[in-house]
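[1] For reference, the sequence and a predicted model appear below.
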Amino acid sequence: MATTINLDEHLLIGGSWIDATGGARFDVTDPATGNKVGSMPNGTEADVKAAIDAAAAALPGWRSTPAIQRARILRKAADLMRERAEEIATAMTSEQGKALAEAKGEVEYAASFFEWFAGEAERVYGEVVPPMNTNNRVLVLRQPVGVVAAITPWNFPAAMMTRKLGPAMAAGCTSVVKPASATPLTAALVLRCIEDAGAPAGVVNLVTSRDAGMVANTIFTDGRVKKISFTGSTEIGKDLIRASAEQVKRLSLELGGHAPYIIFDDADLDEAVEGLIASKYRNAGQTCVCANRAFVQRGVYDAFLAKLTAKVDAMKVGHGLAEGTVIGPLIDSRAVDKADEHVQDAVAKGAKLVTGGVRLTDGEFANGSFYAPTILDGVTKEMDIFYEETFGPVAGLTVFDTEDEVIELANDSIYGLASYFHTKDYARLMRVAERLEYGIVGANAGIISAANVPFGGVKQSGYGREGGSVGIDEYLDVKYVLMGGVGTV
Ligand code: SIN
């Protein structure tokens, strides 16, 4: 097995890699073993303010840097991430737990945001609008919002950060990044790529701290920070909405999800099994777009369950750096508790445990936070798993009969991020895609994430879109200029 890292990183403020004011640090641990894999400075309010100072100071220079130059830096940063993929992925697996192959995939996914937004930087077009009065002229400008803050999660420590920094840098904004304290080392390595690609001092700044509330409060009360982009839970998202009211700050929120995964009778069953596995068990079930409810039409239910069970039983659980591992540890013991609570609740209310349903605690698993990949048969609305996000490797199956019935079941959620279904009937494909109340629909596809598509949700899954041609709009203000008295031609 490859060895975990041992890395002591620093804050990045105004182009300098420094310790926190006062010098305190916190440990970063491997969720598979509980061992220390590095440390980060425990940033203070003074450090957050210094990072905002640096971002504010860098703003005039960066927003007036030609877009083509900003694009070159982004492309170079993507190249450097690819060159350093082994190092970044090893750090990611060490602190986050996901299997190394997935971590390498995430580095590529993360780099693709820089590349995509390099292209978008060069296409921030305005408009010339025909005036109401022919004596006037009307221009529409799109300008960078200013200093932005990115608050990023532990489940995709590289990609969720580049999905925010890519468009911010492309638009001409400067940033303060606060990564999750469980996974700050990956963040530092990615920011080193940006710095080594030639980003001027202060364009991106990194603050780590165990005190997420203090960081958020400092950011939200500083008038120089014009926008915050957050990926995380709906609960915290609601707190941020409340905090944003005081200064009417712009927000983009990518919050919780509870994806339905529908398999119609006419689906290609092997493709559907692969799709559900990819969606459900990616990152050990710790994604916002994970299938959380699988609805299988009665005619194929038994066949689907048998095929799914065979594949899940073959999944190797282990340390993410060990050869052949598919399912790594969950991020911490609370995550294991949550998955287990959902399973126990479902079983107590009548679901059948097909496979898994246990904490793994023996031998190599003794000091980690492992949960066996699990399938529940016969999930109903009475069970917590039907409405609450599990964020673990637990698939719950429910049988259905008609299209109308399954649409109603699928839309019965406060969340509206991703949804999926499999059918070979193209009329149904269009109909169901239109009727699902979700920001993302995967039709005959279990993986829907990419840099070139607008990723985001409706309902309590948040607002704003990341990626795609609209992703950069979140970092731009629209200004219209009326030029009077120009005369007619
Ligand atoms: C997430 O879980 O928040 C994002 C997953 C993705 O980008 O695919």
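    That came in fine, so what should we check first? Because the structure is a prediction, the values reported are computed rather than measured.

[2] what ranges do the helices span in the stretch 351-489 of the chain?
    Ranges of helices in the stretch 351-489 of the chain, per DSSP state H, counting those that start in this stretch, are 384-387, 403-411, 426-435.

[3] Deepest in the core, which of these is it.
    Comparing the helices of the stretch 351-489 of the chain by mean neighbour count (mean count of other C-beta atoms under 10 Å), helix 384-387 ranks first with a mean of 19. C-beta here means a position set from N, CA and C on the backbone, and glycine is covered the same way.

[4] Residues in contact with it: which ones?
    Contacts to helix 384-387, defined as C-beta atoms under 8 Å, 6 or more residues apart in numbering, come from residues 258, 292-293, 341-343, 345-346, 376, 379-381, 394, 396, 398, 413-414.

[5] Measure how buried A310 is and give me the count.
    Other residues near A310 come to 11 when the count uses other C-beta atoms under 10 Å.

[6] change the start of the numbering to 619 and stick with it
    OK, 619 is where the count begins now, so the last one is A928.

[7] how about it, secondary structure?
    With DSSP: H, G, I helix; E, B strand; the rest coil as the basis, A928 sits in helix.

[8] which ones are touching it?
    Contacts of A928 by C-beta under 8 Å, 6+ apart: none found.

[9] hang on, the earlier thing: of all the helices of the stretch 969-1107 of the chain, which one comes closest to the ligand?
    Set against the ligand and scored by C-beta to the nearest ligand atom, the helices of the stretch 969-1107 of the chain come closest in helix 1002-1005, at 18.0 Å.

[10] Could you pull up the contacting residues of whatever residue of the stretch 969-1107 of the chain ends up closest to the ligand?
    Relative to the ligand, the nearest point of the stretch 969-1107 of the chain is S1067 (3.1 Å; C-beta to the nearest ligand atom). By C-beta under 8 Å, 6+ apart, the contact set of S1067 is Y727, V907, F1073.

[11] ok, and of those, which contact the ligand?
    Intersecting the contacts of S1067 with the contacts of the ligand gives V907 (criterion: C-beta under 6 Å from any ligand atom).

[12] Just the pLDDT for the residue lying closest to G936 once chain neighbours are set aside.
    Distances taken as C-beta to C-beta, 6 or more residues apart in numbering place T943 nearest to G936, at 4.2 Å, with adjacent residues excluded. According to the prediction, T943 has pLDDT 98.

[13] The one 4 residues further on now?
    Here, the pLDDT recorded for P947 equals 98.

[14] Might one say that it is in contact with A650?
    Yes: in this structure, P947 is within contact of A650 by C-beta atoms under 8 Å, at 4.5 Å.

[15] Can you pull the residues that touch both of the two?
    By C-beta under 8 Å, 6+ apart, the residues touching both P947 and A650 are G715, H937, G938, G986, S987, F988.

[16] quick one: which of these is most hemmed in?
    Greatest neighbour count in the shared contacts of P947 and A650, by other C-beta under 10 Å, goes to G715: 34 neighbours.

[17] separation between it and the ligand?
    In this view, G715 and the ligand are 15 Å apart by C-beta to the nearest ligand atom, to the nearest Å.

[18] Please name the residues that touch that residue.
    Contacts of G715 (C-beta under 8 Å, 6+ apart): D648, P649, A650, A902, G938, G946, P947, L948, I949, G986, S987.

[19] Looking at the residues you listed, which one is closest to R1046?
    Within those, the smallest distance to R1046 is 32.1 Å, found for A902 (C-beta to C-beta).

[20] helix/strand/coil for the closest residue to L1094 other than its chain neighbours?
    Excluding its sequence neighbours, the residue lying closest to L1094 (C-beta to C-beta, 6+ apart) is R760, at 4.4 Å. For R760, the assignment made with three-state DSSP gives strand.

[21] now R760, which residues is it bridged with?
    Note on R760: beta-bridge partners V1096, judged by DSSP bridges.

[22] you'd agree it is up against E738?
    No: using C-beta under 8 Å, R760 makes no contact with E738, being 11.2 Å away.

[23] all strands for the stretch 669-818 of the chain, in order.
    For the stretch 669-818 of the chain, the strands defined by DSSP state E, counting those that start in this stretch cover 745-747, 755-762, 765-770, 792-797.

[24] Just the ones in strands from the contacts of G715, please.
    Assigned to strands by DSSP state E, none of the contacts of G715 qualify.

[25] Just the closest of those to A1051, please.
    Ranked by distance to A1051 (C-beta to C-beta), the contacts of G715 are led by A902 at 28.3 Å.

[26] Burial check on the closest residue to F732 other than its chain neighbours, number of neighbours?
    Computed as C-beta to C-beta, 6+ apart, the closest residue to F732 that is not its neighbour in sequence is A696, at 4.0 Å. Here the number of neighbours of A696 (other C-beta under 10 Å) works out to 25.

[27] so how far is L783 from A696?
    12 Å (C-beta to C-beta, to the nearest Å).

[28] Mind listing the shared neighbours of these two?
    Joint contacts of A696 and L783 (C-beta under 8 Å, 6+ apart) are F732.

[29] so who does H628 touch?
    By C-beta under 8 Å, 6+ apart, the residues touching H628 are W635, I636, D637, M658, P659, A806.

[30] Can you tell me which residue is spatially central in the protein?
    Ranked by distance to the mean C-alpha position of the chain (C-alpha atoms, centre = their mean), the top residue is M778 at 4.4 Å.

[31] That one contacts W772, correct?
    No: here M778 does not reach W772: they are 9.1 Å apart, not a contact under C-beta under 8 Å.

[32] Just give me the neighbour total for the residue lying closest to G874 once chain neighbours are set aside.
    Leaving out its chain neighbours, the residue that sits closest to G874 by C-beta to C-beta, 6+ apart is T852, at 4.2 Å. T852 has 20 neighbouring residues, counting by other C-beta under 10 Å.
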